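Participant: Give the three-dimensional model of this entry:
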Amino acid sequence: MGAVTDDEVIRKRLLIDGDGAGDDRRINLLVKSFIKWCNSGSQEEGYSQYQRMLSTLSQCEFSMGKTLLVYDMNLREMENYEKIYKEIEGSIAGAHEKIAECKKQILQAKRIRKNRQEYDALAKVIQRHPDRHETLKELEALGKELEHLSHIKESVEDKLELRRKQFHVLLSTIHELQQTLENDEKLSEVEEAQETSMETDPKP
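Facilitator: Here you go, the predicted model:
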């Protein structure tokens, strides 16, 4: 078997290493161990090199399995974030619909207020002619109508206040969720950086 030069070993290492996670160093050690095993002069030295090769192979397999687990975890996280993003989009769309509905209710309340002012003015005119029976009936009817409109106005104002509170809670929830997502991403980046640092540090 011909001797393998250092240039060939370096060239193979550059071709094999893709992410710089330390696998190239392990493979380089494996190649060197294989060369030493081939050139071992005694059975005892050959057995020692053979055990080193098995240990290096085990480390490579462990690193590969760990990488696959991280990859699967990242895929699940991406799917989860996509689901949360769609839920947020749906919540925002619902909030816009509620805002539009609240605007309609506000316009209705303004019309009711305007009508009430007109009815008040009309009632003052009617009160100037208390001697007419028909006028009194109309005044009574207007009073009932005014009371009914007043109840409607109060109901609309209550609904509007409730919608405002619900929309405030929704916006707070969306903000907290976005903050949680940003924290999770930062934590994931820190963990990946720590794992990369631990794998690239030379063993004693």
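Participant: Which elements pack onto the longest helix along the chain?
Facilitator: Counting by DSSP state H, the longest helix found in the chain is helix 43-127. With contacts defined as 3 or more CB pairs under 8 Å, 6 or more residues apart in numbering; DSSP states H and E, helix 43-127 has these neighbours: helix 23-38, helix 133-200. Quick note: C-beta positions are derived from backbone N, CA and C, even for glycine.
Participant: how far out from the middle of the chain is it?
Facilitator: Centroid displacement of helix 43-127 relative to its chain, using CA atoms, centre = their mean, to the nearest Å, is 4 Å.
Participant: Could you do stretch 166-182 as well?
Facilitator: Using CA atoms, centre = their mean, the offset of stretch 166-182 from its chain centre is 10 Å.
Participant: Output that stretch as CSV, nothing but the C-alphas.
Facilitator: Extracted C-alpha coordinates of stretch 166-182, given in CSV (Å, rounded to 0.1, in the frame of the first residue of the first chain):
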residue,chain,number,x,y,z
GLN,A,166,-61.3,42.9,23.6
PHE,A,167,-59.2,44.5,21.0
HIS,A,168,-56.7,45.8,23.6
VAL,A,169,-56.4,42.3,25.1
LEU,A,170,-55.8,40.9,21.6
LEU,A,171,-53.1,43.4,20.8
SER,A,172,-51.4,42.6,24.1
THR,A,173,-51.5,38.9,23.4
ILE,A,174,-50.1,39.3,19.9
HIS,A,175,-47.2,41.5,21.3
GLU,A,176,-46.4,38.9,24.0
LEU,A,177,-46.5,36.1,21.4
GLN,A,178,-44.1,38.0,19.1
GLN,A,179,-41.8,38.7,22.1
THR,A,180,-41.8,34.9,23.0
LEU,A,181,-41.0,33.9,19.4
GLU,A,182,-38.1,36.4,19.3
